[in-house]
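Chemist: Fold the following and give me the result.
(chains A, B and C)
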Amino acid sequence: MIPILFGVLLLTFVVSHVVTPYPARAWAGPRASESTVQTIANRYHLNDPLPIQFYYYLSDLFRGDWGVSPSTGQPVLANILAFFPATIELTIVAFLLSVAVGIPLGVVSAVHRDQPVDHLLRLVSLSGIASPPFLVALLMQLILFYYLRIFPESGGRISPLISPPTHITGLFLVDSLLTGNLPAFVSSLQHILMPALALALVTFGLATRLTRASMLEVLRTDYVRTARAKGLNNRTVIYKHALRNALISTTTIMSSAFAFLLGGTVVIETIFSWPGIGRYAAQAVLNLDFPAIMGTTLVFALGVVLCNLVADTLYALLDPRIKLG
Amino acid sequence: MSDELLHVDSFSICFDTLDGTVKALNDLSLSIGRKEIVGLVGESGSGKTVLGLSIMGLIPTPPGRIVSGRILFQGTDITSLGQAGMENLRGTGISMIFQEPMTSLNPVYTVGNQIEESIKLRIQRNSEEKTASKESVRREVLEALRLVRIADPERVGKRYPHELSGGMRQRVMIAMALAAKPALIIADEPTTALDVTTQAQVLQLIRDLVEEVNASILIITHDFGVVAEIADRVDVMYAGRIVEERQVADIFEDPKHPYTQGLLHSLPYLKKAEQRLETIPGSVPSLIHIPSGCPFHPRCKYVMKECSEVEPASRNVENGKVACFLYGSDR
Amino acid sequence: MLEKKEIRITLRLLTRNPLSIAGGIITVWFFSTAIAISLTGSRFLPHDPDAIMLSNALSPPSMTYWFGTDPLGRDIFSRVMMATPIDASIAVVIVGVSLVVGVMLGSMAGYVGSKLDEIIMRTTDVFMAFPALVLALAVAVGLGPGIIPLVEALLIVWWPWYVRLARGETLSVRENQYIEGARAAGLSTFRIVTKHVIPNLITPVLVYASLDLGYVILTTSVLSYLGLGAQPPQSEWGRMVFDGQPYLSTAWWVPILPGVMILIVVLGFSLLGDGLRDVLDPKSRK
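Modeler: Numbering: from 1, shown residues only, chains lettered A, B, ... in the order given. Reported below is the predicted structural model:
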């Protein structure tokens, strides 16, 4: 994992210092004056040879200086830490939703292979994966808010009339449950559902396809044949014997689906005005705010690496054939 | 007839594939009585595994298709039972052991757990047995492992399949099959994947168990040596048909069907060292294009005119039956 | 694999699946429209995509204006059609280059193994640690708006998956007997890889690429939506959605229909690629 982390830092460095034609200008922002650009260039050693730049880049990062965002005027790291919990909460809820719906549907698809249900589910899951996130978000807003008035037109994680729950984890749903704050919980739930559903649409399709594929493979194995030969009923064969094995490969691949989810937050958070890192990144794009973009990119990459680690651990736990470490 | 445990009655099954119709079993008849060990011998491609799976009702029905005939188990026609009925029969009525013990056991559950499943299934189906306690089930698992001569059943029961040797895994499969106390066990090449010493041990085990356990066994194999070890009777299969059915001692002494003769004469350990090994000319026919009349006729050194025209019916010879015109024409 | 009988069976199996047929129709339509438009411009479109007619602004979909009109009275359908060549060419370029790079690197990594393999795999791991969209965003912001920077950004991001794929396939082919034979016959590594390994990779890689074309289009549209890539007056579907967003509640067709177009095209590629993959899976051909 260490080499990958190093590689990630190296790559972000290359993108921010090498690929960009005028790094100092990019870091200072399009509206900065020439003198500001010079100051930035000196401050971050942007005129020095590349290895020296890299050294300062790394030491700045570890010291917590991720640059200052020209558009917010604040340190990038502070911005990111502030918006972090909102995105975490959103992605976790979206992930749980997609898995809870996707896996059972994948099983159904596999068991009824090539029948109409399978074709329908294939269409649905592929549509999910193929949907542009902004289309989904806009359609949801249009139908669920404008026409049907079911959900509130977001604008945040919680109704402006209710004060956010006491900060323990930063995750509103968790905090409100921990403090027994029911109104906050309900309002947070109402506000998170639409963006989470929109975000979940892509990964749910992925979960369905993956589960279907692994189930089909598992259902062909000798040990499933043995289970049937033992006289176990169909239900037991599928859920006890087949699914447990199928989930092993599904889980590990779903972890890379998490990368997908993180990418999706950029658009979804923007449309639903969800105060997370994704929206921060989108606004950074609009403002050509380079430090902010680089900061968010780095954070996302770190998140993915962490997820892969979790997935590997999970894999070792689920499959008795693998030993940890 | 009523004493028979299993009677396969002129059973034909085929598979519809993109390349043509595979006629896996053709008008096949076979019986197994109580406490009998019957060997089914055939080369790969003869359809013997299909027979085993058909008896179990495990042939997927597209692309498989039953053309004619039926299979009677304890008097009931099981080909007309449907999935739910067959499910009820599997495990406790008829059980099956497969060739590859490595892939035939579920890798994510301990072997003890998998044996326990068979036991619990039997208890659940048998209304006579009162709902057993967890303790008694656990004890039965250990018993089952001891029955197949596994030392230290406590420890082995907690192991996962990949942690055991091939021989151990096969014993576990046997234990699993026996735990449900079936009347008939179908063993499909149970020792082929094992090394020679382990093979002998497992075969010995199977032979001893039949006495203790009061079950009949259909042992499917390509190896006459296996048959010699443990079977009472042998059925020789070729191109989806039974061509000879004899008592084991008789068939080794005096094989009647030219195919059986060819098979036995090509075995090295039945001949003296100086004699050359014979081979059967030609090759096993594809089950899509089966030769007319007697399917063996293109390769038979005794071939006569009627062999290519009409399929010989099975006729009685001493201690058995043969399907060959050498032993009497049909006219 | 590319013998006539195999192709015939593949086509037959493919046409059994109505979804794959739909996918095929959509992709063929998409490319032919893109080609037609880049050759003839707006000549065969129902309306002039740039014709401003304020009296007609924001009219709903009708027989004259199939997708309705935008705030400037322009026919949305014609504008949507005009944007096809951009996405088509970007998709082909990105996938084409990634495919070539990926196959070259992946087959070398898989075949030669050891240090070369390690280096290449670690590099792809690092690239794949970034959500594709996010990394492309970062690069594109650094390079500035416009189509060329967008293409460059996507190229940087897109190749690792092909390396992985090619490497995986190479690893399984490598064990084949005739590779042993070729090696024993003294053929150079380069020769073996190009003549024996790569032809076996072509099928799975092409199947993946056909799926992937759609995803490039999807990512391009998201990047355009966010403000990068094609700049006005060039029209691109993602950009059209963004521009039409303020009219969501009053004239839904302005942002929604271009978005639906994206969905249909991407779905078309997915269905086709997915159908191809199913059909070419050796286990399902019984």
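Chemist: distance of B:Leu145 from C:Ala140?
Modeler: Distance, B:Leu145 to C:Ala140, using Cβ to Cβ, to the nearest Å: 64 Å. Every residue, glycine included, has its C-beta placed from N, CA and C.
Chemist: you'd agree A:Phe54 is up against A:Phe13?
Modeler: Yes. Using Cβ atoms under 8 Å, A:Phe54 is in contact with A:Phe13, at 5.5 Å.
Chemist: which bits of chain A sit near chain B?
Modeler: A:221-223, A:225-234, A:241, A:244-245, A:248, A:318-321 (Cβ under 8 Å from any Cβ of the partner chain).
Chemist: again, only this time at 6 Å
Modeler: Residues of chain A lying near chain B by Cβ under 6 Å from any Cβ of the partner chain: A:222-223, A:226, A:229-231, A:233, A:241, A:244-245, A:320-321.
Chemist: which phi and psi does the residue in the stretch 101-250 of chain A that chain C sits nearest to have?
Modeler: Relative to chain C, the nearest point of the stretch 101-250 of chain A is A:Leu135 (3.4 Å; Cβ to the nearest Cβ). Backbone torsions for A:Leu135, taken as degrees, to the nearest 10, come to phi -60, psi -50.
Chemist: Need the nearest residue in space to it, chain neighbours excluded.
Modeler: Distances taken as Cβ to Cβ, 6 or more residues apart in numbering or on different chains put C:Gly259 closest to A:Leu135, at 3.4 Å, once the chain neighbours are dropped.
Chemist: about what we covered before: inside strands: which ones of the residues of chain A next to chain B?
Modeler: Among the residues of chain A next to chain B, no member falls in strands (criterion: DSSP state E).
Chemist: residue contacts, C:Ile52?
Modeler: C:Ile52 is in contact with C:72-73, counting by Cβ atoms under 6 Å, 6 or more residues apart in numbering or on different chains.
Chemist: pretty sure it is in a helix, no?
Modeler: No. Counting by DSSP: H, G, I helix; E, B strand; the rest coil, C:Ile52 falls outside a helix, being coil.
Chemist: That one and chain B: what is the separation?
Modeler: Going from C:Ile52 to chain B by Cβ to the nearest Cβ, to the nearest Å gives 59 Å.
Chemist: and that residue, what are its phi and psi?
Modeler: Dihedral angles (degrees, to the nearest 10) for C:Ile52: phi -90, psi 130.
Chemist: cool, and B:Arg315?
Modeler: Torsion angles at B:Arg315 (phi, psi; degrees, to the nearest 10) stand at phi -120, psi 160.
Chemist: need the contact list for it.
Modeler: Going by Cβ under 6 Å, 6+ apart, B:Arg315 touches B:327-328.
Chemist: change it to 8 Å
Modeler: B:321-323, B:327-328 (Cβ atoms under 8 Å, 6 or more residues apart in numbering or on different chains).
Chemist: Narrow those residues to just the buried residues.
Modeler: Buried by 16 or more other Cβ atoms under 10 Å in any protein chain shown: B:321-323, out of these.
Chemist: and the residues you listed, which of them are in strands?
Modeler: Using DSSP E, the buried ones among the contacts of B:Arg315 in strands are B:321-322.
Chemist: what's the longest helix seen in chain B packed up against?
Modeler: Looking across chain B with DSSP state H, the single longest helix is helix B:196-213. Here helix B:196-213 touches strand B:37-41, helix B:166-179, strand B:216-221, helix B:224-230, going by 3 or more Cβ pairs under 8 Å, 6 or more residues apart in numbering or on different chains; DSSP states H and E.
Chemist: Would you mind pulling the contact partners of the helix or strand following the shortest one?
Modeler: Spelled out, it's strand B:37-41. Using DSSP states H and E, the next helix or strand after strand B:37-41 towards the C-terminus is helix B:48-56. Contacts with helix B:48-56, where a contact means Cβ under 8 Å, 6+ apart, come from A:229, B:6, B:8, B:11, B:13, B:24-25, B:28, B:30, B:40-42, B:59, B:66, B:71, B:73, B:78, B:86, B:90, B:94, B:96, B:186, B:188, B:218, B:220, B:222, B:237, B:240.
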